[in-house]
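Q: Quick one, what's the 3D model for this:
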Amino acid sequence: MEKATEKPDSETKPPNHQMDADEEDENVKQLKECSSLYLSLQDCLVDSNRDWKSCQKHVQALKACHEKKVKK
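A: Numbering: from 1, shown residues only. The predicted structure follows:
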């Protein structure tokens, strides 16, 4: 039996969110300056199997950005 060749770890893979929310995603565009925080939260949720507790730093950062934006 031959082993399937594996891709080397050195290959860079796109962020987890790239398929779900690319530059053309209107919902992400509406977040404006908070969009990168939103995408980071999405990455965290994918990496943690949707465990919101382990992504609280991302949640709080997004919340703070949104509140700052609303106060303007």
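Q: Could you point out which residue ranges in the chain have low pLDDT?
A: Applying pLDDT under 70 to the chain flags residues 1-24.
Q: Residue 40 and residue 61: what is the separation?
A: Separation of residue 40 from residue 61 (C-beta to C-beta, to the nearest Å): 8 Å. C-beta coordinates here come from the backbone N, C-alpha and C atoms, glycine included.
Q: so what's in contact with the two at the same time?
A: With C-beta atoms under 8 Å, 6 or more residues apart in numbering applied, the contact sets of residue 40 and residue 61 do not overlap.
Q: Please state the backbone phi and psi of the residue nearest to residue 48 when sequence neighbours are not counted?
A: Excluding the flanking residues, the one nearest residue 48 by C-beta to C-beta, 6 or more residues apart in numbering is residue 54, at 4.5 Å. Reported as degrees, to the nearest 10, the phi and psi values for residue 54 are phi -80, psi -10.
Q: Tell me if I'm right that residue 54 and residue 46 touch.
A: No - the criterion here is C-beta atoms under 8 Å, and residue 54 misses it with residue 46 at 11.7 Å.
Q: Tell me, how many residues neighbour the residue nearest to residue 48?
A: 13 (other C-beta atoms under 10 Å).
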